[in-house]
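**Q** from the sequence below, what's the structure:
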Amino acid sequence: MGEDLYRELLDKRPDTEDLVFTHGDYCLPNILIDKWDIGGFIDWGRGGISDGLKSIDCSKIEYYRLLDEFF
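**A** Next up, the predicted model:
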């Protein structure tokens, strides 16, 4: 099973990447709100380098969901 998942991951790797730093778990419980403005972020445990998407690319989203299976 793990070998098949790894092979699928290699087959679906995107041709291009726009690498950026990202939070990794950007959701409402991890955002600090101060007077209706964003005051900061917490829980950076999944932060790191990721692919910055300027528009929705379903194949890249599928790839990164598959990649998440390894963590």
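**Q** could you pull out the helices for this protein?
**A** 2-11, 58-68 (DSSP state H).
**Q** go through the ones you listed and pick out the most buried.
**A** Burial of those is given as mean neighbour count (mean count of other Cβ atoms under 10 Å); helix 58-68 ranks first at a mean of 13. (Glycine included, C-beta is placed from N, CA and C.)
**Q** mind listing residues that contact that one?
**A** Contact with helix 58-68 is made by Leu5, Glu8, Leu9, Lys12, Arg13, Pro14, Ser50, Asp51, Leu53, as judged by Cβ atoms under 8 Å, 6 or more residues apart in numbering.
**Q** contacting residues for the fifth one?
**A** Contacts for Arg13 (Cβ under 8 Å, 6+ apart) come out as Tyr63.
**Q** ok, 10 Å please
**A** Arg13 is in contact with Lys60, Tyr63, Leu66, Leu67, counting by Cβ atoms under 10 Å, 6 or more residues apart in numbering.
**Q** between those, which is nearest Met1?
**A** Taking Cβ to Cβ as the measure, Met1 lies nearest Leu66 of the contacts of Arg13, at 13.1 Å.
**Q** look up the pLDDT of the closest one for me, please.
**A** pLDDT recorded at Leu66 is 87.
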